[in-house]
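J.: got a predicted structure plus its sequence, pasted below:
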Amino acid sequence: MQGKKDYQEKLFAQFQLSERIPKNNFYRRLKGAIDLGFLYPLTKGYYGGSGQKSIDPAVFFKLCLVGYLE
């Protein structure tokens with residue numbers, strides 16, 4: 001079963017990561033420049049219809065991309 005990650009920061013947390021990352025950060029700019037929505041229909045056939053949800057294909061692609069770039 002294909003999962004989809006919806007990121008939401010904790011509302012009442014003392015520490016918020018998004019406040020600590022500079023606005024001109026490379027990965028923040030990259031997120032605004034590319035849209036990974038095309039991955040969902042391309043990978044849908046590789047996921048089963050039952051069981052637990054797996055990792056979001058966009059998250060997996062981002063992990064591979066960071067591994068390649070770093």
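T.: Great, that's in hand.
J.: and Glu19, how many neighbours?
T.: Glu19: 7 surrounding residues under other CB atoms under 10 Å. C-betas here are computed from N, CA, C, even on glycine.
J.: Tyr40 now?
T.: With other CB under 10 Å as criterion, Tyr40 counts 14.
J.: list the contacts of it.
T.: Residues near Tyr40 by CB atoms under 8 Å, 6 or more residues apart in numbering: Gln2, Lys4, Pro57, Ala58.
J.: what's stretch 56-70 in contact with?
T.: Gln2, Gly3, Lys4, Lys5, Tyr27, Leu36, Gly37, Leu39, Tyr40, Thr43.
J.: farthest pair in these?
T.: The span of the contacts of stretch 56-70, defined through CB to CB, is set by Gln2 and Tyr27 at 23.9 Å.
J.: the more surrounded of these two?
T.: Counting neighbours by other CB under 10 Å for Gln2 and for Tyr27 shows that Gln2 has the greater number, 17 against 12.
J.: any idea how far Leu30 is from the residue of the chain most remote from its centre?
T.: When distances are taken from the C-alpha mean of the chain, Gln14 lies farthest, 23.2 Å away, according to CA atoms, centre = their mean. Here Gln14 is placed at a distance of 28 Å from Leu30 (CB to CB, to the nearest Å).
J.: rewinding a little: of the contacts of Tyr40, buried ones?
T.: Gln2, Pro57, Ala58 (16 or more other CB atoms under 10 Å).
J.: just those: which are in helices?
T.: Counted as lying in helices by DSSP state H, out of those, are Pro57, Ala58.
J.: need the buried ones among the contacts of Tyr40 in TSV (columns: distance to Tyr47 and pLDDT).
T.: Formatted as TSV, the buried ones among the contacts of Tyr40 follow (distance: CB to CB, whole Å; pLDDT from 0 to 100):
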residue	distance to Tyr47	pLDDT
Gln2	4	77
Pro57	8	92
Ala58	13	93
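J.: so which of the buried ones among the contacts of Tyr40 is the closest to Ser18?
T.: Nearest member of the buried ones among the contacts of Tyr40 to Ser18, counting by CB to CB, is Ala58, at 18.0 Å.
J.: got the CA coordinates for stretch 18-38 in PDB?
T.: The C-alpha coordinates for stretch 18-38 follow below in PDB (Å, rounded to 0.1, in the frame of the first residue of the first chain):
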ATOM      1  CA  SER A  18      12.000  25.300  10.000                       C
ATOM      2  CA  GLU A  19      12.900  28.400  12.000                       C
ATOM      3  CA  ARG A  20      16.500  27.200  12.300                       C
ATOM      4  CA  ILE A  21      17.100  26.500   8.600                       C
ATOM      5  CA  PRO A  22      18.200  29.600   6.600                       C
ATOM      6  CA  LYS A  23      15.800  30.900   3.900                       C
ATOM      7  CA  ASN A  24      18.500  30.600   1.300                       C
ATOM      8  CA  ASN A  25      19.400  26.900   2.100                       C
ATOM      9  CA  PHE A  26      20.000  24.800  -1.000                       C
ATOM     10  CA  TYR A  27      17.500  22.100  -0.100                       C
ATOM     11  CA  ARG A  28      14.800  24.600   0.800                       C
ATOM     12  CA  ARG A  29      15.300  26.200  -2.600                       C
ATOM     13  CA  LEU A  30      15.400  22.800  -4.300                       C
ATOM     14  CA  LYS A  31      12.000  21.900  -2.700                       C
ATOM     15  CA  GLY A  32      10.500  25.100  -4.200                       C
ATOM     16  CA  ALA A  33      12.000  24.400  -7.600                       C
ATOM     17  CA  ILE A  34      10.900  20.800  -8.200                       C
ATOM     18  CA  ASP A  35       7.500  19.100  -7.900                       C
ATOM     19  CA  LEU A  36       7.700  15.400  -7.100                       C
ATOM     20  CA  GLY A  37       4.000  14.800  -7.600                       C
ATOM     21  CA  PHE A  38       4.700  12.900 -10.800                       C
END
